[in-house]
Each structure stands twice: as structure tokens, then as C-alpha cells.
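Q: Okay, structure incoming, though there's no sequence with it:
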């Protein structure tokens, strides 16, 4: 899993927008949380996903 995440991030990371501003976005991976997770677990998952640059992070309660 880690190898696939790294390969996807290396291949699809958007480092700058059209105007040259640093954005560091990764739109090729999404994260979907479930109702079985508590607040602390959700917080850790969101922090880890944001550190990777993910933009699309959702939770079952929002859908």
C-alpha cells in the first residue's frame, strides 16, 4: 500500500497552480471515513491525509 501511495503521489502531485503559487495538492487519491471511527481516529486520519496533500477527504456522516 505504501509503495502505491508513494508512486501515485510522486506521479500526480500538483506543486504549483497556473500562476506559479505553491499549492502541493494531490487530487489522485481520496479518503473516505466511516461511522465506526471515533473523533480521535478521524483527527489522526485527516492530519495524515493532509500531510500527503490530499484534497478530497470525506466522512460517512457528511454524505
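A: Looks like it came in fine. All values derive from a computational prediction rather than experimental measurement.
Q: Residue 26: neighbour count?
A: 19 (other CB atoms under 10 Å). C-beta: built from backbone N, CA, C; applies to glycine.
Q: Number the chain from 586, please
A: Yes, from this point I'll number from 586; that puts the last item at residue 611.
Q: now it: how far from residue 590?
A: Using CB to CB, to the nearest Å, residue 611 is found at 9 Å from residue 590.
Q: Pull up the overlap in contacts between the two.
A: Contact criterion CB atoms under 8 Å, 6 or more residues apart in numbering; residues shared by residue 611 and residue 590: residue 637.
Q: tally of neighbours for residue 625?
A: 8.
Q: And the pLDDT at it?
A: What the model reports as pLDDT for residue 625 is 94.
Q: For it, what are phi and psi?
A: When quoted as degrees, to the nearest 10, the phi and psi of residue 625 stand at phi -70, psi -40.
Q: can you pull the contacts of the most centrally placed residue in the chain?
A: In the chain, the centroid-proximal residue (CA atoms, centre = their mean) is residue 639; its distance is 2.3 Å. Taking CB under 8 Å, 6+ apart, we find residue 639 in contact with 611, 614, 615, 616.
Q: and the closest residue to residue 609 other than its chain neighbours, how many neighbours?
A: Of all residues beyond its chain neighbours, the one nearest residue 609 is residue 638 (5.0 Å), with distances taken as CB to CB, 6 or more residues apart in numbering. When neighbours are defined as other CB under 10 Å, residue 638 has 18 of them.
Q: swap in residue 644?
A: 15.
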